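Peer 1: Mind folding the following:
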Amino acid sequence: MGATETISKWIVNTSYEDIPPDAIRVANESCFDLLGVILAGSTEPVGDIIRQYVADLGGSPEATVLASGQRSSQQNAALANGTMGHALDYDDFGGFGHPTVAIFPALLALAETTGATGKDLIEAYVLGCEIGMAIQHATKYNQMEKGFHSTAVIGRLASAAACAKLLKLDERQTTTALGIAGSMSSGLIHNFGTMTKPLHAGMTCRDGVMAAQLAQRGLTSGDQVIEHPFGFANTVIGPGIYDLNEMAENLGNPYRIQDALIIKKYPCCGGNHAMLDSLFSLMREHNFTYEDVANAEVDQSYYSVVMLYQEPEDSLKGKFSAKYNVAAALIDGEIGIESFRDQKIADGTVQETMGKVRTRVLAKSEEGSTDFLKGLPIKITLKDGRVFEHTTGRHDIIGGQVNPWGFENIAKKFRVNAGMVMPESDVDSAVNAWSDIPQMTDVSGEVRRTLVKK
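Peer 2: Down below sits the predicted model:
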């Protein structure tokens with residue numbers, strides 16, 4: 001049996017009851033968190049653009065665009081909600097890029113016409129995540145070296161797998177859905193720091209819906225999309241740098257989701273989070289501000305994307321600038337949505353403080369450069385000569401499963417995000433409805449009742 005067939009069988013034969021409770025808990029937290037992030041992302045310029053685009057496309061009123069409440073086709077709603085969910089770069093990460101925004105908006109769109117329950121959503125979401133994480137684990141980030149955005153590339157297969165599960169496709173149809181999605185996989189790191197990065201997530205969700213629906217209707221595709229010499233692994237990832245057994249044979253043994261996902265505390269590239277956790281820890285411990293700092297030194301991994309913009313000229317690029325993140329954190333003592341506004345980037349104090357930050361990308365051969373788990377130090381030198389240094393490993397990032405943020409803080413984040421578009425009473429209703437997704441029986445009704453502006 002080939003890898004694609006093995007994966008398809010696992011998707012079809014695995015049920016909610018097979019998923020460990022910790023994986024269910026983490027899935028619920030991440031999907032709940034994303035809904036708030038979508039609502040907040042709807043207020044961004046890219047949210048306005050994608051909603052208007054979807055409105056102009058028309059389409060049957062099958063599914064809901066969150067916040068606005070407009071109705072469109074399932075594919076269009078998935079496109080809009082996925083794009084808005086990544087607009088702020090505030091959605092979770094870990095395992096492969098940004099798993100939840102690549103999968104959950106697609107499932108939400110399908111759920112409105114399939115009669116899916118909350119358990120159905122979480123079941124399909126977890127299986128999609130596990131497929132994506134298995135592929136990523138077996139490739140050791142080599143697709144990033146080629147300039148591919150794993151959220152969009154690996155996410156296409158994960159999204160299609162999840163949608164196939166929610167639509168209850170059989171093994172043959174599921175294999176076909178994966179085959180279709182394999183031909184859709186694309187997304188370039190060059191577009192980080194622009195509106196096209198969140199569009200990656202939107203297109204991934206749209207294509208996951210499309211692949212599963214076309215397979216359901218009888219469209220054909222190759223049946224060895226993973227392992228064929230001209231298939232996904234060899235062509236997209238690259239020859240000799242993947243392990244088919246890791247991708248297929250070990251699915252669910254063990255589940256990865258409960259260890260991999262990290263809920264974001266800061267609305268910026270996940271590559272900044274360990275650095276920011278370290279910096280804030282030093283600021284709390286030693287009670288200094290930007291005015292006390294002579295210079296800051298930041299090392300980053302060979303694979304880092306937070307060095308893309310040393311001198312960012314706008315807020316989207318600022319999310320991928322270690323220099324800007326350090327400067328904003330030193331000045332404000334926090335990083336939030338308002339940290340990423342164009343006027344903030346242009347502020348004279350910010351620009352002056354950025355001049356104190358020195359960054360360096362380690363060569364691939366240097367120790368720690370390709371090891372995401374250990375983390376790299378940030379070193380602060382104060383004007384009085386004192387020097388402080390701190391390293392936060394990836395597993396120790398606040399919001400990860402070793403250092404969890406806690407559901408109370410996740411709910412606070414949801415309230416702030418949802419409150420950007422809804423009055424407090426409606427936010428309360430949304431929290432009550434979506435904080436325990438597996439208990440939900442009427443997904444379609446709750447989407448329209450609690451996730452749109454009245």
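Peer 1: looking just at contacts, which helices and strands does the lowest-mean-pLDDT helix or strand in the chain meet?
Peer 2: For the chain, scoring each helix and strand by mean pLDDT, DSSP states H and E identifies helix 142-145 as the least confident one, at a mean of 74. Using 3 or more CB pairs under 8 Å, 6 or more residues apart in numbering; DSSP states H and E as the contact test, the elements touching helix 142-145 are helix 150-166. C-beta here means a position set from N, CA and C on the backbone, and glycine is covered the same way.
Peer 1: what's the helix it packs on packed up against?
Peer 2: By 3+ CB pairs under 8 Å, 6+ apart, helix 150-166 packs against helix 3-13, helix 99-114, helix 118-139, helix 142-145, helix 171-182, helix 196-217.
Peer 1: chain center to it, what's the gap?
Peer 2: On the basis of CA atoms, centre = their mean, to the nearest Å, helix 150-166 sits 13 Å off its chain's mean C-alpha point.
Peer 1: list the buried ones in the helix or strand hosting residue 284?
Peer 2: Remark: residue 284 resides in helix 273-286, with elements defined by DSSP states H and E. Neighbour counts over helix 273-286 (16 or more other CB atoms under 10 Å) mark 273, 274, 275, 276, 277, 278, 279, 280, 282, 283 as buried.
Peer 1: Spatially nearest residue to the third one (excluding sequence neighbours)?
Peer 2: Among residues not flanking residue 275 along the chain, residue 378 sits closest, at 5.4 Å (CB to CB, 6 or more residues apart in numbering).
Peer 1: Identify the bridge partners of the one you found.
Peer 2: Residue 378 has these beta-bridge partners by DSSP bridges: residue 298, residue 390.
Peer 1: tally of neighbours for residue 18?
Peer 2: For residue 18, the count of nearby residues is 14 (other CB atoms under 10 Å).
Peer 1: and what of residue 257?
Peer 2: Using other CB under 10 Å, the number of residues around residue 257 comes to 29.
Peer 1: tell me the phi and psi of residue 383?
Peer 2: With angles defined as degrees, to the nearest 10, residue 383 shows backbone torsions of phi -60, psi -20.
Peer 1: show me what contacts it?
Peer 2: Remark: with contacts taken as CB atoms under 8 Å, 6 or more residues apart in numbering, residue 383 is in contact with 292, 293, 294.
Peer 1: Just want the most central residue of this protein.
Peer 2: What sits nearest the mean C-alpha location of the chain, by CA atoms, centre = their mean, is residue 98, with 2.1 Å.
Peer 1: I figured it hits residue 92, correct?
Peer 2: Yes. In this structure residue 98 lies within contact range of residue 92 using CB atoms under 8 Å: 6.6 Å.
Peer 1: For the residue lying farthest from the centre of the chain, which non-adjacent residue is spatially closest?
Peer 2: Among the C-alpha atoms of the chain, the one farthest from their average position, using CA atoms, centre = their mean, is that of residue 384, at 40.9 Å. Once flanking residues are discounted, residue 384 sits nearest to residue 292: 7.5 Å by CB to CB, 6+ apart.
Peer 1: From residue 210, how far out is the closest residue to residue 45 other than its chain neighbours?
Peer 2: On the basis of CB to CB, 6+ apart, the spatially nearest residue to residue 45 that is not a chain neighbour turns out to be residue 195, at 7.3 Å. Remark: distance between residue 195 and residue 210 (CB to CB, to the nearest Å) = 22 Å.
Peer 1: Please say which of the two ends up with more neighbours.
Peer 2: Between residue 195 and residue 210, residue 210 has the larger neighbour count (other CB under 10 Å), namely 24 against 16.
Peer 1: Pull up the gap between the more buried one and residue 15, please.
Peer 2: 25 Å.
Peer 1: what about dumping the CA coordinates of stretch 254-262 to CSV?
Peer 2: These are the backbone C-alpha positions of stretch 254-262, laid out as CSV (Å, rounded to 0.1, in the frame of the first residue of the first chain):
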residue,chain,number,x,y,z
PRO,A,254,1.3,9.5,18.5
TYR,A,255,-0.9,12.5,17.7
ARG,A,256,1.1,15.6,17.3
ILE,A,257,-1.4,18.4,17.7
GLN,A,258,-1.4,18.5,21.5
ASP,A,259,2.4,19.3,21.5
ALA,A,260,2.8,21.4,18.4
LEU,A,261,0.2,24.3,18.4
ILE,A,262,1.1,27.6,19.9
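Peer 1: Pull out the buried positions in it.
Peer 2: By neighbour count, with 16+ other CB under 10 Å as the criterion, the buried positions of stretch 254-262 are 255, 256, 257, 258, 259, 260, 261, 262.
Peer 1: Between all of these, which two are separated the most?
Peer 2: Every pair in those was compared (CB to CB); the two farthest apart turn out to be 255 and 262, at 16.2 Å.
Peer 1: State the helix or strand in which the residue farthest from the centre of the chain lies.
Peer 2: When secondary structure is defined using DSSP H and E, no element contains residue 384, which sits outside every helix and strand.
Peer 1: swap in residue 416?
Peer 2: Take DSSP H and E as the rule and residue 416 turns out to sit in helix 407-418.
Peer 1: Perfect, that will be all.
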